[in-house]
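K.L.:
3D model of this:
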Amino acid sequence: MNLSELIKWFAKVDTYIDDSISDSFVRESRFYLRLMKQFTPRDSGDLSDSWNITDSDSSGKDKIATIENNLIYASPIEFGSEPGQLPWKSPGPRTVNSDGAIFSIQAVGGVAKNAINDSDVKITAEHMANDIMRKLA
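P.N.:
Take a look at the predicted model:
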């Protein structure tokens, strides 16, 4: 293989890697969206159904996905409420005080904390690495 062929090969590999990462990124973002929906407390289903990927950029070297929920009561479910503040001024039968905030007993610490853990992130990295290796094979 001469230098010209080697340069072309590296350019092709770089494209394969970028394509693999972009494809994996979109798939893995959807995986985390499903986890958020799965771990969201469910009464009517509105809160769970309202999670969306609102900003997903898989172009370039930085990969960013924002999973949001714009329902008015999503924030207290995710971040809790300060004692004395609405919607839960004090712990009650369906709430608990945790880390200085009051949370729904269905999502103590917030939805993301319960839905996404280190092993999920490790699996995501493995999936993305496997996708790249398949493209290069």
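
K.L.:
Can you classify the residue positioned nearest the centre of the chain as helix, strand or coil?
P.N.:
Nearest residue to the geometric centre of the chain (Cα atoms, centre = their mean): Y32, 4.0 Å. At Y32 the chain is in helix, as set by DSSP: H, G, I helix; E, B strand; the rest coil.

K.L.:
what's near enough to touch it?
P.N.:
Residues counted as contacts of Y32 (Cβ atoms under 8 Å, 6 or more residues apart in numbering) are 65, 67, 115-116, 120. Using the backbone N, CA and C atoms, a C-beta is placed for each residue, glycine as well.

K.L.:
6 Å - rerun?
P.N.:
By Cβ atoms under 6 Å, 6 or more residues apart in numbering, the contact set of Y32 is empty.

K.L.:
where does this protein dip in pLDDT?
P.N.:
Where the chain drops to pLDDT under 70, the residues are 55-62.

K.L.:
can you give me the strands for the chain?
P.N.:
Per DSSP state E, the chain carries strands over the ranges 52-57, 64-68, 95-98, 101-104.

K.L.:
deepest of those, which one?
P.N.:
Between these, strand 101-104 has the highest mean count of neighbours, a mean of 22, where neighbours are mean count of other Cβ atoms under 10 Å.

K.L.:
Which other helices and strands does it contact?
P.N.:
Contacts defined by 3 or more Cβ pairs under 6 Å, 6 or more residues apart in numbering; DSSP states H and E place strand 101-104 against strand 95-98.

K.L.:
What lies in contact with the strand it packs on?
P.N.:
88, 91, 102-105, 108-109.

K.L.:
Any idea how many residues pack against Y73?
P.N.:
13 (other Cβ atoms under 10 Å).

K.L.:
what are the phi and psi angles of it?
P.N.:
The phi/psi pair for Y73 (degrees, to the nearest 10) reads phi -100, psi 10.

K.L.:
For the remainder of this discussion, apply numbering that starts at 175.
P.N.:
Noted, 175 is the first residue going forward, which turns the last one into Y247.

K.L.:
give me every residue that touches it.
P.N.:
Listed by Cβ under 6 Å, 6+ apart, Y247 has no contact partners.

K.L.:
Check the one 5 residues further on too.
P.N.:
The contact partners of E252, by Cβ under 6 Å, 6+ apart, come to 284-285.
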